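> Predicted model, plus sequence, below.
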Amino acid sequence: MGECVARFRAKMGAAPRYLAYPYNQSSPEVEAAVQKAGFTAALGGHWARGTRWALPRGDVSAAGLGPFLAQALGGYTLGRRWKRWLARLTAREARESRESRESA
């Protein structure tokens, strides 16, 4: 990996800071090599553990542009949270309505 970093530095004038794992595949040994090579962080797929050397990465080709942008801009997570909150609120209101009818 050191040779690849040296070739990149020679062509671009600076060392690469981030690595995206090919096919989103990694292992603890590969992550250790990435760290040893001096990368700042590395990106994996949706399976990534969320560590500095296995950060989650969105896949435009699999999701399509709209869902990818929503995920990249935080809307995907926010939308999922909103949907769960709304479901809990609706269930609670239904339960309270049913309880008030039963007590009357």
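That came in fine, so what should we check first?
> Remind me what the longest helix along the chain packs against, helices and strands.
Determined from DSSP state H, the single longest helix within the chain is helix 75-103. Packing partners of helix 75-103 (3 or more CB pairs under 8 Å, 6 or more residues apart in numbering; DSSP states H and E): helix 65-72. Bear in mind the C-beta positions are built from the backbone N, C-alpha and C, glycine included.
> Need the mean per-residue confidence for the helix it packs on.
For helix 65-72, the mean pLDDT works out to 71.
> quick one on the thing from earlier: now the longest helix of the chain: average pLDDT?
80.
> domains of the protein?
The chain breaks down into these domains under automatic domain parsing: 1-57, 64-104.
> looking at the ones you listed, which is buried most?
With neighbours taken as mean count of other CB atoms under 10 Å, those reach their highest mean count in domain 1-57, at a mean of 14.
> got the contact list for Leu55?
Residues near Leu55 by CB atoms under 8 Å, 6 or more residues apart in numbering: 41-44, 48.
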